[in-house]
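> Fold the following and give me the result.
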Amino acid sequence: MSSANAQSSDVSADNQRSESLVPSLNGHSFLTLSYLRSSFISTNLNADFGFGMTSKLDIPGIIIGDFEILGFEGSLLFFDINVAYQQRVTSWLAFYATFKVAGRLGTEMSTILVDGVNTLTGGDIGWLIRIKTTEKFNLSGTININNITGSFINVTDYFKEIIDGSPYPTVIKKVPALSIGMGLRGAYAFNPTYGFQFQVGAAYGESLERESTTAYFSGGFLFDVDFNPKHNVPVGLALGYTNSSAPLIVMNSGGVANLFTGKLAYTGSDEFELGLQFTHYYVKINSIDSKPFINKILLSLRFYF
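Now for the predicted structure:
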């Protein structure tokens, strides 16, 4: 009997430990996406590393009289580095801070000359506030301050400024942008296998165009499946959609991006999440008329403490 009681105590302790590390509802542990953050109050460290590429693009050049110069074919490379830390302060409040680097550049010298080298660095700090939690549902609100700096190296714009008679033409432009945002995040567990999450948010502040302000909007959802509880297979799948005008996605070209995302993850640990994420979307690029599609692959790591 004492041995059985000890085993029962060990199982209970393991369950408590699992619940304290990996957020779950109704026996379901939720997956995360780089574009859709968790709604749970927890302490965790997250790191994402990824890159993507467009298909071949026909990039028009500069028209001078009856001649066209700097017109090329090529591809653009996109890369992302995201590091985020969230600290649980109380059972209903958490503080988080992120650092992000996003970039876009040509894969050949011709596309670098035409589209330039575009990078965004910065991040945000914010607070995650629990609004409501039940056995199957969790809802939280967010308040955040975003600060990014865009660095744009563009030879085409430089030549255009010279042709237009600009008194101070420049190849490199640095533009800071500060904004304040708020939003809602939620999660619902149908059962230990299936889960659903959503996120909506808005921000207002400086844009990546000098001396102008703008509003940013984003919203998305995902469905995820964890095969571990019922089938003892530590594999999870997630499919999600995000609509966003955030500058870290659309750069300085503006517009709205529709992102379709899938993820394959390892779910056999109570302390971390490891996954490979694939994203497909179209984005506006100023150097061409049509919106090219982009495919991105991203490695995601999340550690819970």
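> you'd agree residue 96 is up against residue 89?
No - using C-beta atoms under 8 Å, residue 96 is not in contact with residue 89, being 10.5 Å away. All C-beta spots, glycine's among them, are computed from the backbone N, C-alpha and C.
> check contacts around residue 39.
Residue 39 is in contact with 128, 138, 139, 140, 185, 186, 187, 197, 199, counting by C-beta atoms under 8 Å, 6 or more residues apart in numbering.
> Out of these, name the ones that lie in strands.
The strands, defined by DSSP state E, take in 128, 138, 139, 140, 185, 186, 187, 197, 199 from the contacts of residue 39.
> What is the neighbour count of the fourth one?
As a burial measure, the neighbour count of residue 140 was computed by other C-beta atoms under 10 Å and equals 25.
> Quick check, pLDDT for it.
Here, the pLDDT recorded for residue 140 equals 98.
> Next: the first one.
The confidence metric pLDDT takes the value 98 at residue 128.
> Contacts only, for it.
Neighbours of residue 128 in contact, by C-beta under 8 Å, 6+ apart: 39, 41, 86, 93, 94, 95, 96, 140, 141, 142, 185.
> and residue 268, that one's in a strand?
No - counting by DSSP: H, G, I helix; E, B strand; the rest coil, residue 268 is not part of a strand but coil.
> Tell me the spatial nearest neighbour of it, not counting adjacent residues.
residue 234 (2.8 Å; C-beta to C-beta, 6 or more residues apart in numbering).
> pretty sure the one you found is in contact with residue 265, am I right?
No - the pair residue 234 / residue 265 is not scored as a contact, 9.1 Å apart, by C-beta under 8 Å.
> Where does pLDDT dip in this protein?
1-20, 59-72, 110, 113-114, 156, 287 (pLDDT under 70).
> Quick check, central residue of it?
Centroid check for the chain by C-alpha atoms, centre = their mean gives residue 35 as the closest residue, at 3.3 Å.
> just to revisit the earlier point, if you count what's nearby, which of residue 234 and residue 265 comes out ahead?
Ranked by neighbour count (other C-beta under 10 Å), residue 234 and residue 265 place residue 265 first, with 22 against 13.
> beta partners for that one?
Beta-bridge partners recorded for residue 265 (DSSP bridges): residue 236, residue 275.
> That one: what's it in contact with?
Contacts of residue 265 (C-beta under 8 Å, 6+ apart): 31, 235, 236, 237, 238, 273, 274, 275, 276, 300.
> how much space between it and residue 30?
Distance check for residue 265 against residue 30: by C-beta to C-beta, to the nearest Å, it reads 10 Å.
> do the same with residue 155
Counting by C-beta to C-beta - residue 155 and residue 30 are separated by 46 Å.
> Who has more neighbours out of those two?
residue 30 (25 against 16).
> Could you pull up the residues touching the more buried one?
Residue 30 sits in contact with 23, 24, 38, 40, 187, 189, 195, 197, 224, where contact means C-beta under 8 Å, 6+ apart.
> Residue 185 contacts residue 38, doesn't it?
Yes - counting by C-beta under 8 Å, residue 185 touches residue 38, with 7.1 Å between them.
> Give me the common contacts of the two.
What both residue 185 and residue 38 touch, as defined by C-beta under 8 Å, 6+ apart, is the set residue 197.
> so where does residue 149 fall, helix or strand?
Taking DSSP states H and E as the definition, one finds residue 149 inside strand 137-153.
> could you point out which element follows that strand?
Using DSSP H and E, the helix or strand that follows strand 137-153 in sequence is helix 155-163.
> those strands in the stretch 201-305 of the chain, which residues are they?
Secondary structure of the stretch 201-305 of the chain (DSSP state E, counting those that start in this stretch): strands located at 213-226, 235-244, 257-266, 272-282, 293-304.
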